[in-house]
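Q: Okay, structure incoming, though there's no sequence with it:
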């Protein structure tokens, strides 16, 4: 009690001191209490190359231990069936990577290939011929819903692709030039006949941190951000995606993926096993089989190849990776950058602070004040970024606002600074400058900032 | 009240502060000495590997295996220096050499042929990797997936022993024939396999040398470490052993293998040496806690003998539980009567981690385990 009183008088003293300084020299930016805790109690302070790989504090002993098993499943390389290692066979027949960590290296962010033919970097191409608003994108008859550029022995890889970047030069309002690169994708060496897909959507592997916290956000909280008809007239609409939930056998709100096309962490994990590694689960029990292969005659790694028990462990793992705390959050430039980020309208979609609801199975994730900088909603991002692929309710120009936590750590964890759904942005500035559509006003505001102000915004983003 | 009391007793405070300083100095000496023995044993390993590749026989292969096992005896305890933001994990802003020395589990097929795929691995891929050299192997470590381990102790282990394809109940390690190293012998590309193995042993020495440079008397990190306040230095030391005990050893190394019941998940799965890894990691923890000329335990005793006795009891319980696990470890995790002992050791090590956090707070040292 006594200590607490002392603390209060100390704080009051500090406040007076700060107020005095304010009047003297406009030194007026203060960190909010606890703003460094990006993931609430699910925050850890480690900024090494392993910063994305730690578990949230306060898990039960059992969950805390199963996290490690999940981690081993996430990292392990799957092999072709049959193999002496029966616990990990069943790879393919088609796949993009042999392990989850192949694309989400160190639980971090993938990137586009550095050269044509590079494999396992964390970018894949989704293919569709159309979309059903209830059941999602319609797959290509020959190539399925995703182009796999690897295959097991005896099965053809589907194709290769190359990315051609076109450099675009523009200027900031102060005359400083900047460059953007716009990718186009050429698919070649097709082995399964004609590609009928009319839509190709590149997607980069996301960082794995804080996914359970996002899952714990109540649907009502998300819906409170929705303004589909822009009734408040701020130019920002925000739309929830509703997607097929296999376990629930109904449509539920989408939260994960670049177009918010997955309803739960578990289904996201199962979909990635199915599409990216060729491993079946009880949620997606069918192999993705190319027409030229006789998949019935190929050995499989069990039915399903990933047991429910292991699916649960890897889902637990994927739900409980902690969010790294902020760096330099009390630095004046960072605080000024944060204020600018809000002033120019970025936080209209990149919602700074959300309180999670109840997580169904992991109490440590419930009722946390988190700072994910997302509304998890779909927004029109303009023609420049469009993949022209509809995904449930998402149209060809709409993308989910991605969470920004951890984006300042990609260089340390993954050794690159590629951003956006296809990694076209080579740094954070380019990522901002690609914003358009609903975000055009904010982007234009950024362009109108002077160099020092722009650098402050970037310092802020790098502190996330 | 406690604060006031200890403040009044100046001589007590002095003794306590002196003990803290002595403990950090003793630790720095121990770290350097430990890496020096690891380096010496790795030198012997390099020599034995040269003998093997020059004259591959059953005997020279066995001799190389023996020196590898000996090298693990001195490297094992040094793992208690990890998780302290020291040179093994981070040097300046760069990643330290841990991942180059001791990465696991490794995907065997990334390095060499495996059961069912005779042409797998870097060794047999003459088109992508026409020349095997140091720079190549170092650059391939961790490329495209965390199990894509190309170098380090466990890469050497796999090359010496081969896959462990026998059932755990037979208690046999991998059975690679020496003829895999004989020109025109078994498997293909023997000369590339020999070169690969030699390069790995060279790199092992180079990467251990980095640690010696940092920790030698006058070395950059040793100076940095001894320059820290004793609170910061002790916090690093205790965070390291608490994290190794609760997270890395109990979780990653023991529970995962226990839970998956898969020998692929054991630390030294080719040589069946995991039981030694576990005991040696534990030995490192125990030495740092109570085995140095002045130890953390001595400091806690000065402050609160009751808590000190509790930490000591947790240490003893963990040691007993670890010692009780069967060997080899793949047998311990698969045999129905042995499995509960592994789980008991896991929980004892987790309790020890928590107890070390408590012991730290008793001497006003913050110990933060991040799992």
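A: Great, that's in hand. Because the structure is a prediction, the values reported are computed rather than measured. Numbers count the residues shown, from 1 in each chain, chains lettered A, B, ... in the order given.
Q: Next one: whatever residue of the stretch 201-350 of chain B ends up closest to chain A from residue B:42, what distance?
A: Nearest residue of the stretch 201-350 of chain B to chain A (Cβ to the nearest Cβ) works out as residue B:251 at 4.0 Å. For every residue, glycine as well, the C-beta is placed using N, CA and C. Noted for residue B:251: a distance of 27 Å to residue B:42, by Cβ to Cβ, to the nearest Å.
Q: Kindly report the residues of the stretch 51-200 of chain B close to chain A.
A: Along the stretch 51-200 of chain B, the residues adjacent to chain A under the rule Cβ under 8 Å from any Cβ of the partner chain are B:85, B:89-90, B:95, B:105, B:107, B:109-110, B:115-117, B:142, B:144-148, B:163, B:165.
Q: Spit out the contact partners of the residue of the stretch 201-350 of chain B closest to chain A.
A: A:64-65, A:67-68, B:346, B:350, B:371 (Cβ atoms under 8 Å, 6 or more residues apart in numbering or on different chains).
Q: again, but for residue A:74
A: Residue A:74 makes contact with A:99-101, A:104, A:107, A:314, A:317-318, according to Cβ under 8 Å, 6+ apart.
Q: ok, and the most crowded of those?
A: residue A:100 (30 neighbours; other Cβ atoms under 10 Å in any protein chain shown).
Q: Could you say which helix or strand holds the nearest residue to that one once chain neighbours are set aside?
A: Residue nearest to residue A:100 in three dimensions, not counting chain neighbours: residue A:74, with 4.4 Å by Cβ to Cβ, 6 or more residues apart in numbering or on different chains. Using DSSP states H and E, residue A:74 sits within helix A:61-75.
Q: Sheet-wise, list the partners of the helix or strand just after that helix with their directions.
A: Next along the chain after helix A:61-75, taking DSSP H and E as the criterion, comes strand A:94-95. Next to strand A:94-95 in the sheet, as set by DSSP bridges, lie strand A:150-151 (antiparallel).
Q: Helices of the stretch 51-200 of chain B, residue ranges please.
A: Taking DSSP state H, counting those that start in this stretch as the criterion, the stretch 51-200 of chain B carries its helices at B:58-75, B:98-102, B:134-140, B:153-161, B:190-215.
Q: Low-confidence regions, the stretch 351-464 of chain A specifically.
A: Of all residues in the stretch 351-464 of chain A, none has pLDDT under 70.
Q: For the residue of it found nearest chain B, give me its contacts.
A: Sorted by distance to chain B under Cβ to the nearest Cβ, the residues of the stretch 351-464 of chain A start with residue A:412, at 8.1 Å. Contact partners of residue A:412, counting by Cβ under 8 Å, 6+ apart, are A:47-49, A:51.
Q: Can you say which of those are buried?
A: A:47-49, A:51 (16 or more other Cβ atoms under 10 Å in any protein chain shown).
Q: and the two most separated of these?
A: Farthest apart among these by Cβ to Cβ are A:47 and A:49. That separation is 9.2 Å.
Q: quick revisit: so can I have TSV of the contacts of residue A:412 showing pLDDT?
A: Converted to TSV, the contacts of residue A:412 look like this (pLDDT from 0 to 100):
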residue	pLDDT
A:47	89
A:48	86
A:49	86
A:51	94
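Q: out of the residues you listed, who's near chain B?
A: With Cβ under 8 Å from any Cβ as the criterion, the contacts of residue A:412 include A:48-49 near chain B.
Q: Turn the contacts of residue A:412 into JSON lines, including secondary structure and distance to residue A:364.
A: Converted to JSON lines, those look like this (DSSP: H, G, I helix; E, B strand; the rest coil; distance: Cβ to Cβ, whole Å):
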{"residue": "A:47", "secondary structure": "coil", "distance to residue A:364": "22"}
{"residue": "A:48", "secondary structure": "coil", "distance to residue A:364": "23"}
{"residue": "A:49", "secondary structure": "coil", "distance to residue A:364": "25"}
{"residue": "A:51", "secondary structure": "coil", "distance to residue A:364": "19"}
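Q: What is the nearest of the contacts of residue A:412 to residue B:32?
A: Of the contacts of residue A:412, the one sitting nearest to residue B:32 (Cβ to Cβ) turns out to be residue A:48, at 22.9 Å.
Q: Just give me the neighbour total for the nearest residue to that closest one once chain neighbours are set aside.
A: Nearest in space to residue A:48, with sequence neighbours left out and distances taken as Cβ to Cβ, 6+ apart, is residue B:90 at 5.8 Å. Neighbours of residue B:90 under the rule other Cβ under 10 Å: 18.
Q: Over to residue B:142?
A: Residue B:142: 19 neighbours (other Cβ under 10 Å).
Q: doesn't residue B:152 make contact with it?
A: No - taking contacts as Cβ atoms under 8 Å, residue B:142 lies outside contact range of residue B:152: 10.4 Å.
Q: and for these two, which residues touch both?
A: B:99, B:103.
Q: mind listing the helices for the stretch 151-300 of chain A?
A: Using DSSP H, counting those that start in this stretch, helices in the stretch 151-300 of chain A cover A:211-215, A:219-223, A:265-272.
Q: how about residue A:196, what does it touch?
A: Neighbours of residue A:196 in contact, by Cβ under 8 Å, 6+ apart: A:129, A:140-142.
Q: so can I have TSV of these showing distance to chain B?
A: Converted to TSV, the contacts of residue A:196 look like this (distance: Cβ to the nearest Cβ, whole Å):
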residue	distance to chain B
A:129	31
A:140	26
A:141	30
A:142	27
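Q: which one of those is nearest residue A:224?
A: Checking these against residue A:224 with Cβ to Cβ, the nearest one is residue A:129 at 35.7 Å.
Q: okay, the closest one: pLDDT?
A: Per-residue pLDDT puts residue A:129 at 97.
Q: Just to check, it is in contact with residue A:199?
A: Yes - counting by Cβ under 8 Å, residue A:129 does reach residue A:199; the two are 7.3 Å apart.
Q: Look at these two and report which has more neighbours.
A: Applying other Cβ under 10 Å to residue A:129 and residue A:199 shows that residue A:199 carries more neighbours, namely 19 against 15.
Q: thinking again about what came up before, and the residue nearest to residue A:100, how far is that from residue A:265?
A: 13 Å.
Q: shared neighbours, these two?
A: Contacts common to residue A:74 and residue A:265, judged by Cβ under 8 Å, 6+ apart, are residue A:318.
Q: So which bits of the stretch 101-250 of chain A are right by chain B?
A: A:101-102, A:105-106, A:119-121, A:153.
Q: just the buried members of those residues?
A: A:101-102, A:105-106, A:120-121.
Q: quick one: contacts for residue 128?
A: I went with chain A, as the question did not name one. Counted by Cβ under 8 Å, 6+ apart, residue A:128 has contacts A:137-140, A:145, A:197-199, A:201, A:389-390.
Q: look at chain B instead
A: By Cβ under 8 Å, 6+ apart, the residues touching residue B:128 are residue B:122.
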